[in-house]
Structure formats: structure tokens, C-alpha cells
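Engineer: I'd like to go over a predicted model; first the sequence, then the structure.
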Amino acid sequence: MSKTVKAREHYGANSLDLTLPAEVVDEYDVNAGDIFEIEVASDDDELTLTYTRVYKSEE
């Protein structure tokens, strides 16, 4: 599955938000409160972010 998302400002913080597409949320039962570990890799101008869910909330 390949989707495009846009980085958006996180109000009041220096961080940015990436939105999970609805199809991903539905297919993988992602909930608010789930916790993800992020792995960052870069090669020249390419940035790869890999998120691994480490906690699934009961929401």
C-alpha cells in the first residue's frame, strides 16, 4: 500500500504531525493512544521513516 501524506505544524511545538490515511487506520486497527517506535534512515536526499507499533491501546 502506498499513500501520500503531508507534514503539518503541531501547534505550540517544534514537532510536525503526519496523518495516517483512513484506510491504514481501518485495516490495521490503529487507535489514538497507540505508541510507535520510529526508526530513521537517510541516504543522500532520501529520508525513510519506519514506524513500529509497540503498544496497542484499547480505545
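Structural biologist: Great, that's in hand. Numbering: from 1, shown residues only.
Engineer: please count neighbours and contacts with C-alpha atoms only from this point.
Structural biologist: Fine.
Engineer: ranges for the helices of the chain?
Structural biologist: In the chain, the helices defined using DSSP state H lie at 22-28.
Engineer: quick one: furthest residue from the center of it?
Structural biologist: The centre of the chain is farthest from one residue, residue 44, which by C-alpha atoms, centre = their mean lies 22.0 Å away.
Engineer: break down this protein into its strands, ranges please.
Structural biologist: According to DSSP state E, the chain carries its strands in the segments 7-9, 16-18, 35-43, 46-55.
Engineer: which neighbouring elements make contact with the longest one?
Structural biologist: Under the contact definition 3 or more C-alpha pairs under 8 Å, 6 or more residues apart in numbering; DSSP states H and E, strand 46-55 sits against strand 35-43.
Engineer: so how far is residue 47 from the nearest residue to residue 36 once chain neighbours are set aside?
Structural biologist: Nearest non-adjacent residue to residue 36, counting by C-alpha to C-alpha, 6 or more residues apart in numbering: residue 53, 4.2 Å away. Taking C-alpha to C-alpha, to the nearest Å as the measure, residue 53 falls 20 Å from residue 47.
Engineer: right, I'll leave it there.
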